[in-house]
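Student: Return a 3D structure for these sequence lines:
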Amino acid sequence: MSDWNSVTIIHKRLPKGTTAKSKQVVNAAQRTGVAVHTQLKYGAATNKHPVTPLNTAKLDHETEELKHEKLPLDIGKLIQQGRNGLGMTQKDLAAKICEKPKIVNEYENGKAIPNQQILAKIEKAIGIKLRGKDKGQPLAPPFKKK
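Tutor: Here you go, the predicted model:
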């Protein structure tokens, strides 16, 4: 006599329309023999937005060549004359204003992009005005507060 009792096997399945996102769930499905389809999405898990700015075409058609304003050569000559008048080298002046000698060299040759803070330091170090209407004049002593 054979015993033919019915046995019910219950599998827990995901509802239709949902996807398994964890690696653990995907591995479990592969072990049971379920067909698994994985897809790598372009740009997934990044914070990049493929939006181009509106003025991109305007920039592409731009023909004007833009350059930074350089320090005029006459100011470079004033720096050189003031430094030589005090008997300083470029290295000495650079040490006095806490900058690199290359900066002083660029300012004297007119190749530097003007920085008002550096110009103010050089003015104080050599005692000559480098900005404003009266360039080349001796720097006025600072006012004393009473």
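
Student: Dump the helix or strand bottoming out on mean pLDDT in the chain to CSV, restricted to CA.
Tutor: Lowest on mean pLDDT, DSSP states H and E among the helices and strands of the chain sits helix 56-60, with a mean of 71. Provided in CSV are the C-alpha atoms of helix 56-60 (Å, rounded to 0.1, in the frame of the first residue of the first chain):
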residue,chain,number,x,y,z
THR,A,56,25.8,77.6,-22.8
ALA,A,57,25.0,78.4,-26.4
LYS,A,58,25.6,82.1,-25.7
LEU,A,59,29.1,81.2,-24.3
ASP,A,60,29.8,79.0,-27.3
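
Student: Which residue ranges of this structure form helices?
Tutor: 23-32, 56-60, 73-85, 90-96, 101-109, 116-126 (DSSP state H).

Student: May I see the buried residues of the fifth one?
Tutor: Of the residues in helix 101-109, those with enough neighbours to count as buried (16 or more other CB atoms under 10 Å) are 103-104, 106-108. From N, CA and C alone the C-beta is placed, and that goes for glycine too.

Student: ok, now stretch 90-98?
Tutor: Buried residues in stretch 90-98 (16+ other CB under 10 Å): 90, 93-94, 96-97.

Student: Good, wrapping up.
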